[in-house]
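A.B. asks: here is the input, now give the coordinates:
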Amino acid sequence: MKDGEEKLVLKNGRITRRDFMAATAASAAFTIVPRHVLGGSGQTPPSEKLNLAGIGVGGQGGTDLQELSSQNIIALCDVDEQRAADTFSRYPQAKKYRDFRVMLEKEKDIDAVVVATPDHVHAIASVTAMKMGKHVYCEKPLTRTVYESRVVAQTAREEKVATQMGNQGMAFEGNRLINEWIADGAIGPVREVHVWSDRPSHNGQLFWAQGIDRPKEIPAVPKTLDWDLWLGPAPLRPYHPAYVPFTWRGWWDFGSGGLGDMGIHNIAPVFSALKLTAPTSVHASSTLFNQETLPLACTVHYDFPARGDMPPVTMHWYDGGIIAARPPELEDMRELPREDGLIFVGDKGKMLVLGWGGRSPRLIPETKMKSYKLPAKTLPRSIGHHQEWIEACKGGGPGRSNFDFAGPLTEAVLLGTVCVRMGGKKLIWDSANMKVTNLPEANDFLHYEYREGWNL
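C.D. replies: Have a look, this model is predicted:
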C-alpha cells in the first residue's frame, strides 16, 4: 500500500493513518499475517512504523530521536538552526520547521511527536499536538507550572493518546526492585524519605547559574536563532546568552532549577513505590535568591497523606550540594553519594538508593542486604523507556511514565518550587481545587499569563 493510500478511517471529516493503524490492529484477530511476510526477521515492518516529528531537536531532543530512529522521522522543528544542525543533517529526508504550530498544521501524516523544548514550551506544544490526535513523548519536567501539568494530563486522558515523560529512570531495573522490596516489607512501612541531587552543579562543574540578576547587556540575537519563537508564551525580554542554550533552567520564567530537573528523576521511584499523589503541605528553606533566578541551594519538605494501608509519609528534598544526614546504618568505609541519592526510612530498616532515577537500591547495613531473601519479580521488566512509548502508540499498554503518572509527579515537584519562591513558608495544598488555602498570594505562581498569540 502506498503512503498516500494509508487513510481508511474517518475522523473529523478525514481519514488518518494513525486511526488506520488502530483499526488494522483491532482486526488482527481475524486476519493473521506472518511477520516474516511483512518485513525482515527482527525488524519492524514499514507498515507498522510510526511517522514521528521532533519539536526541539538540538540537545536532548536529538538524543530522544536517536532512540526512536527505528520509526519514520518525517518532520523536525527547532528555533535554533545551529543548535539543531546535527539532528537536521542526521535526517535529511525530514521536513524542517521553526514553528511547531506550522509543522503540525502542514504535516498531516504525523502520528506522534517528541517534545524536548525548554520547559516553558512543553505544555503548549504537547497540548497542541494531543488535541490534533498525536501521541506525545515530552521531556521532563512535564511542564513549567502546576496548572500546566494538570491541563496536560487531563488533555491526554480526553484525547486517549499514548504518552510518556522523559524520565528514563522509570525503565531501570533498580526502579522495579525498589517497588518490589517495599511491597515485600523489606524495611517495613515507610514514613520518611530523603531525596537529593547536586544540581545545578554536577561533580563540581556548574551546569547553569542560579541566584543571579538579569543581565543588563543587550547583545545582538544570533542569525540562526528565532528569539521570539524561543520565548514562546514566556514574558518578553531581550536575548542574552545567559539564557540559551541549556542555561535557561535556572531562570524562573523558563525552568525550575535542580528540583525540576533532577527532582523529577529522583522522586519518581518514591511516587511509584509509595503510591503517592498530591501532598497536603509543603515548606522549604533556601539560600538567597531574587525574582529572576532560583536559589543556589534549597531543601523542600513534603507531607503526604496515608494511602490505603500505607502510613503518611514525609519526603525531604535537597539540592545545590546539600545532602541528607548520613544514616548510622551506613558503614564507615562507605561514602554517601553527593551527586544523586535516596534514603527510604522504614519502621524495620532503611534502603539506600545510589544514582539518579532509582538506579541501584541496597538495604543498609550490607549485612542486612546479604541476608535478605529477594522476593519474586512481580512487575513486568521494561523493553526500554522509549520503546514503551512506541508500543503504547501502536496499541500496547501504557508507558510506565505516562502522563497519568507524570502529571501528579510534576505537580508535586513544581509545588515545591512555588514554596521556595514564597520564601519557604508552609503551603497547605488543596489538590482537588488546585489552590493553596492558607497563603492566597502563592496561587499567583501556579501559572502565569501567556504572551499574546499563545494559548494552552
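A.B. asks: need the nearest residue in space to the residue nearest the centre of the chain, chain neighbours excluded.
C.D. replies: In the chain, the C-alpha closest to the average C-alpha coordinate belongs to residue 140, at a distance of 2.4 Å (C-alpha atoms, centre = their mean). In this structure, residue 140 finds its nearest non-sequential neighbour in residue 264, 4.1 Å apart by C-beta to C-beta, 6 or more residues apart in numbering. (Glycine included, C-beta is placed from N, CA and C.)
A.B. asks: so which strand or helix has that neighbour?
C.D. replies: Taking DSSP states H and E as the definition, residue 264 sits inside helix 264-274.
A.B. asks: so residue 169 sits in a helix?
C.D. replies: Yes. Membership of residue 169 in a helix is supported by DSSP: H, G, I helix; E, B strand; the rest coil.
A.B. asks: what number of residues lie near the closest residue in space to it that isn't next to it in sequence?
C.D. replies: Sequence neighbours aside, residue 357 is the residue nearest to residue 169 in space, at 1.7 Å (criterion: C-beta to C-beta, 6+ apart). Taking other C-beta atoms under 10 Å as the criterion, the count of residues near residue 357 is 24.
A.B. asks: same question for residue 152.
C.D. replies: Burial of residue 152, expressed as a neighbour count using other C-beta under 10 Å, amounts to 26.
A.B. asks: likewise residue 183?
C.D. replies: A total of 13 residues lie near residue 183 under the criterion other C-beta under 10 Å.
A.B. asks: so it sits against residue 379, correct?
C.D. replies: No. The pair residue 183 and residue 379 does not pass the contact test of C-beta atoms under 8 Å, sitting 9.1 Å apart.
A.B. asks: coming back round to it: dump the residue contacts of the residue nearest to residue 169.
C.D. replies: Contacts here follow C-beta atoms under 8 Å, 6 or more residues apart in numbering; on that basis residue 357 touches 167, 168, 169, 170, 172, 174, 175, 265, 266, 268, 269, 340.
A.B. asks: just read off the phi/psi values of residue 317.
C.D. replies: Torsion angles at residue 317 (phi, psi; degrees, to the nearest 10) stand at phi -110, psi 140.
A.B. asks: what about it, neighbour count?
C.D. replies: 28.
A.B. asks: ends of stretch 257-266, what's the gap?
C.D. replies: The stretch stretch 257-266 measures 14 Å between its terminal residues, going by C-alpha to C-alpha, to the nearest Å.
A.B. asks: got the contact list for it?
C.D. replies: If you take C-beta under 8 Å, 6+ apart as the criterion, stretch 257-266 is touched by 119, 140-142, 144, 165, 167-169, 195-200, 210, 249-250, 255, 294-295, 298, 300, 317, 319-320, 340-342, 356-358, 409-410, 413-414, 416-417, 420.
A.B. asks: which regions of the stretch 1-150 of the chain sit below the pLDDT cut-off?
C.D. replies: Residues of the stretch 1-150 of the chain meeting the criterion pLDDT under 70: 1-47.
A.B. asks: tell me where it has helices.
C.D. replies: 17-26, 35-38, 60-67, 85-90, 100-106, 119-131, 146-159 (DSSP state H, counting those that start in this stretch).
A.B. asks: hey, which of the ones you listed is tucked in deepest?
C.D. replies: Per-stretch averages of neighbours, counted by mean count of other C-beta atoms under 10 Å, single out helix 119-131 among the helices of the stretch 1-150 of the chain, with a mean of 24.
A.B. asks: other SSEs contacting that helix?
C.D. replies: The elements that helix 119-131 packs onto, with contact taken as 3 or more C-beta pairs under 8 Å, 6 or more residues apart in numbering; DSSP states H and E, are strand 51-55, helix 100-106, strand 112-115, strand 135-139, helix 146-159.
A.B. asks: need those in CSV with distance to residue 229, can you?
C.D. replies: CSV is the format used below for the helices and strands packed on helix 119-131 (distance: least, C-beta to C-beta, whole Å):
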stretch, distance to residue 229
strand 51-55, 11
helix 100-106, 9
strand 112-115, 14
strand 135-139, 18
helix 146-159, 19
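A.B. asks: residue 72: which of those is closest?
C.D. replies: Of all the helices and strands packed on helix 119-131, strand 51-55 sits nearest to residue 72, with 4.9 Å by C-beta to C-beta.
A.B. asks: nearest to residue 216, out of the helices and strands packed on helix 119-131?
C.D. replies: Using C-beta to C-beta and comparing the helices and strands packed on helix 119-131, the one that lies nearest residue 216 is helix 146-159, at 30.2 Å.
A.B. asks: that closest one packs against which elements?
C.D. replies: Counting by 3+ C-beta pairs under 8 Å, 6+ apart, the packing neighbours recorded for helix 146-159 are helix 119-131, helix 403-421.
A.B. asks: any chance of these in JSON lines, with distance to residue 48 too?
C.D. replies: As requested, the helices and strands packed on helix 146-159 are arranged in JSON lines below (distance: least, C-beta to C-beta, whole Å):
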{"stretch": "helix 119-131", "distance to residue 48": "21"}
{"stretch": "helix 403-421", "distance to residue 48": "24"}
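A.B. asks: among these, which comes closest to residue 90?
C.D. replies: When the helices and strands packed on helix 146-159 are compared by C-beta to C-beta, helix 119-131 sits nearest residue 90, at 21.0 Å.
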